[in-house]
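K.L.:
Here's my sequence, what's the structure:
(2 chains)
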Number of protein chains: 2
Amino acid sequence: MSTMDRALTGQARLLAEGHVTSPRGFRAGGAYAGIKTAGPGVLDVGVLVSDGPLHHVAARFTRNMVVAAPVTASRARVAAGDVRAVVVNSGCANACTGAQGDANAEEMARLAAARLGLRPEQVALSSTGLIGSQLPMERIAAGIAGADPAADGGERFARAIMTTDPRPKMAAAWFEHGGIGYTVGGVVKGAGMIHPNMATMLSYLTTDAPVPVPALDAALGRVVERTYNMVTVDGDSSTNDTVLLFANGAGGGELDEAGLRAFESALLVVCISLARQIARDAEGAERLIEVTVQSAVNDADARLAARTVAGSILLKSAVHGGDPNWGRAVAAIGRSGAAIDPARLRLSVGGVLLFSQGQPVPFDRRAVEDAMRGEDVTFAFDLGLGEGEATAWGCDLSEEYVRFNSEYST
Amino acid sequence: MSTMDRALTGQARLLAEGHVTSPRGFRAGGAYAGIKTAGPGVLDVGVLVSDGPLHHVAARFTRNMVVAAPVTASRARVAAGDVRAVVVNSGCANACTGAQGDANAEEMARLAAARLGLRPEQVALSSTGLIGSQLPMERIAAGIAGADPAADGGERFARAIMTTDPRPKMAAAWFEHGGIGYTVGGVVKGAGMIHPNMATMLSYLTTDAPVPVPALDAALGRVVERTYNMVTVDGDSSTNDTVLLFANGAGGGELDEAGLRAFESALLVVCISLARQIARDAEGAERLIEVTVQSAVNDADARLAARTVAGSILLKSAVHGGDPNWGRAVAAIGRSGAAIDPARLRLSVGGVLLFSQGQPVPFDRRAVEDAMRGEDVTFAFDLGLGEGEATAWGCDLSEEYVRFNSEYST
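P.N.:
Residues are numbered from 1 along each chain as shown, chains lettered A, B, ... in the order given. Okay, here's the model as predicted:
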């Protein structure tokens, strides 16, 4: 975590457990409908609903120019401004599916709305899974009927949105303002195809704080930029990425400027936790790679540099082998496009300085090898140029990743 | 190969065999000096010398901001304009090596110049291998002494520059102008860390045609853009990339505009062959991926789109498994940054149309699986937007690649 992240998150506390139904006034659930190929018990349809009193929503969607039907449908609903629920299926992406795909997305929203006593325009939706197949609508309908949203259903919802994730990813944080304690909760799915600009990532975030829509949207934009857009697994971005943030005001009270800052701190804490969970749980990965860049010319350069290093396939392979091949990290930052002066660049791995003033520093190879074989491997660059800083997260690249992704659709 | 590549290369013929000493007036050689860890017989120092009468040279170097000592030294020599030879070692990159690295690079040029009867400023140099170690100068000296450049030494030179390449990569082409036949020859090394902007790639090109320096430089720029900059293996670019093109005029005669066009055709033929050899021989790769993009808004967009698809790790994994997961190709082109209208986009794999007008086309799955299990797998996009076109080359991603790159330095 960079110095700035530490400062920004200082006002909020990460909770040991929690998810989308940790804040008051949210219900969630999940059902097995046979859309994923695995057997019963593997949930694949999830529903999350906000009971208000406020229905404030902010969202971010994929920047891919090929966009799945549910993204088109959800984008319009968020713009219209009265989204109160979301229905999600895993196992089929409903992407590259033409007019039939659009019709199926609308029907999926209609089915969920009917079940929840809402209008179809009040239900956002997401799909994730294989591209190019039509949704099995009977199974979607059965899943919606069985999802059974409840105040303790956040974990079931987190399981229902999983594709190749080895476990559900959930987090919650707490902040206090004006004598009231508020909670921010979240879930995320995404294990492959994760890259800056949100990749195949679905995330749903909730809070019982009364955050006005403009502030909610601005906070989400800033936090996504620092978290989900700083995670890279394999360089591929998806057609379906969606982040939805619901604020229902169920905690009551009012947030002034300081309250909004505290809310954003809590949101950042939750999303950092979820971003790290994505990187750690990536397909085939055994290690989390954390890359911090300090003293870049500006934050944009720092982000570019950090993401490029975290995404370097050669470096990811070296980390997989526990090999202190720091030259790959220096080569990656050099090609990142960020301004670099090799004579000023310093690189530490696991806290051990390896490179300074344009050349290698003698180091204890055993200490660095140990650092590279831990669960978290940290690469810390100091560029010596300015005030910019950023953190990016990635993971090692394993034979298992390749095996897995060469067998996915067949 | 795109339509334009076919038109441009129409004036030249690829030869069945050939390399840097196929054109008249070049000598090359290689020696074993123990710089690479493998045993005797594995050449690791190479020398290539032009005997004139002309000493025209053009070059392109890495765009990485961290640049190896031999690149700095060679760039200055090419700018000074009288380069007559190049000395290359494999096994050590002389990158991130500070002032000692610069001094070693100069000494390496001095040793080669003394042996060849040239001035040190007339000898360019390259190093490739592990980053962050100093050159073993005694072994470099021994290698230079033993390299023994000769008119039949092109293949030895090609072997000496290899790192993890499974075989030497060589090509030559022939063209005729004004009653004289001329040859263009080339070698290249590079098996990992290959990406647009030339990655860890060293290439040396020779011709006996009397090409003036400005025309030589312009032709090299255009050809590199269409070939080496369109090869992607793993997204990493190196600190050492170098392409040197020598024209010695040993064939005599003179080239007018038509002659220069014929020369560029031959250069393109050689570099397309070498680019394809790089992709095919990439670390752990079993298949060549060729991505053509037609009807993009412009050539720049077409290149961006083709390179992004060829570099998609998910697609590379699917190709490794022979899995017709075309959705990954569509998702990759969608995130490439090129202008795309999904409703106009058409994708064929191995000549079979799979996607058109925003949705999948029913196809013979067996035929596509067969196409994906061949040595060459072709993805052909038609964007339906304009006149831009490009071809990019990549390879499948295998478990072997990961295994290899997790064990490289240790």
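K.L.:
Tell me the helices and strands packed up against the helix or strand hosting A:Phe246.
P.N.:
For A:Phe246, the enclosing helix or strand under DSSP states H and E is strand A:242-247. Here strand A:242-247 touches strand A:56-61, helix A:69-80, strand A:123-130, strand A:202-207, helix A:213-226, going by 3 or more Cβ pairs under 8 Å, 6 or more residues apart in numbering or on different chains; DSSP states H and E. Heads up, the C-betas are built off the backbone N, CA and C, glycines and all.
K.L.:
would a markdown table of the ones you listed with mean neighbour count and distance to chain B be doable?
P.N.:
Listed next are the helices and strands packed on strand A:242-247 as a markdown table, based on neighbours: other Cβ atoms under 10 Å in any protein chain shown; distance: least, Cβ to the nearest Cβ, whole Å:
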| stretch | mean neighbour count | distance to chain B |
| --- | --- | --- |
| strand A:56-61 | 23 | 13 |
| helix A:69-80 | 20 | 10 |
| strand A:123-130 | 26 | 7 |
| strand A:202-207 | 29 | 15 |
| helix A:213-226 | 18 | 16 |
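K.L.:
May I see the ones you listed arranged in a markdown table, with distance to B:Ala338 and mean pLDDT as well?
P.N.:
Output for the helices and strands packed on strand A:242-247, formatted as a markdown table (distance: least, Cβ to Cβ, whole Å; pLDDT from 0 to 100):
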| stretch | distance to B:Ala338 | mean pLDDT |
| --- | --- | --- |
| strand A:56-61 | 19 | 95 |
| helix A:69-80 | 19 | 96 |
| strand A:123-130 | 24 | 92 |
| strand A:202-207 | 26 | 96 |
| helix A:213-226 | 23 | 95 |
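K.L.:
still on that earlier bit, and the following helix or strand past the strand holding A:Phe246, what does it pack onto?
P.N.:
Later in the chain than strand A:242-247, the nearest helix or strand by DSSP H and E is helix A:257-280. Identification of packing neighbours for helix A:257-280 by 3+ Cβ pairs under 8 Å, 6+ apart yields helix A:3-8, strand A:13-14, strand A:169-177, strand A:180-189, strand A:202-207, helix A:213-226, strand A:288-296, strand A:388-395.
K.L.:
re the thing from before, next, the angle from the strand holding A:Phe246 to helix A:213-226.
P.N.:
Angle, strand A:242-247 to helix A:213-226, by axes from the mean of the first three to the mean of the last three Cα atoms, to 10 degrees: 140 degrees.
K.L.:
and the angle for strand A:242-247 with helix A:257-280?
P.N.:
Using the same axes, to 10 degrees: strand A:242-247 against helix A:257-280 is 150 degrees.
K.L.:
Any idea which of the helices and strands packed on helix A:257-280 gets closest to A:Phe246?
P.N.:
A:Phe246 lies closest, by Cβ to Cβ, to one member of the helices and strands packed on helix A:257-280: strand A:202-207, at 4.9 Å.
K.L.:
Could I get the full set of helices for the stretch 1-150 of chain A?
P.N.:
Taking DSSP state H, counting those that start in this stretch as the test, the helices found in the stretch 1-150 of chain A are A:3-8, A:69-80, A:98-116, A:137-146.
K.L.:
Need the distance between the two termini of stretch A:141-151.
P.N.:
22 Å (Cα to Cα, to the nearest Å).
K.L.:
ok now it, how far from the chain's centre?
P.N.:
Centroid displacement of stretch A:141-151 relative to its chain, using Cα atoms, centre = their mean, to the nearest Å, is 24 Å.
K.L.:
What are the contacting residues of it?
P.N.:
Residues outside stretch A:141-151 that contact it (Cβ atoms under 8 Å, 6 or more residues apart in numbering or on different chains) are A:21, A:26-35, A:44-49, A:87, A:89, A:108, A:111-112, A:115-116, A:157, A:160.
K.L.:
How about A:Asp376, nearest residue that isn't a chain neighbour?
P.N.:
A:Leu288 (4.8 Å; Cβ to Cβ, 6 or more residues apart in numbering or on different chains).
K.L.:
ugh, wrong one, I meant A:Ala31
P.N.:
Nearest one to A:Ala31, counting by Cβ to Cβ, 6+ apart, is A:Gly146 at 3.5 Å.
K.L.:
cool, and A:Arg84?
P.N.:
A:Gln122 (4.6 Å).
K.L.:
What residues does that neighbour make contact with?
P.N.:
Counting by Cβ under 8 Å, 6+ apart, A:Gln122 has contacts A:55, A:77, A:82-85, A:113.
K.L.:
circling back: okay, the helices and strands packed on helix A:257-280 in a markdown table with distance to B:Ala250 next?
P.N.:
Below are these laid out as a markdown table (distance: least, Cβ to Cβ, whole Å):
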| stretch | distance to B:Ala250 |
| --- | --- |
| helix A:3-8 | 62 |
| strand A:13-14 | 72 |
| strand A:169-177 | 66 |
| strand A:180-189 | 64 |
| strand A:202-207 | 64 |
| helix A:213-226 | 58 |
| strand A:288-296 | 50 |
| strand A:388-395 | 51 |
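K.L.:
Pull the contacting residues for A:Phe363.
P.N.:
A:352-354.
K.L.:
6 Å instead, please
P.N.:
A:352, A:354 (Cβ atoms under 6 Å, 6 or more residues apart in numbering or on different chains).
K.L.:
now it: how far from chain B?
P.N.:
Distance of A:Phe363 to chain B, given as Cβ to the nearest Cβ, to the nearest Å: 11 Å.
K.L.:
From A:Ala310, how far off is that residue?
P.N.:
22 Å (Cβ to Cβ, to the nearest Å).
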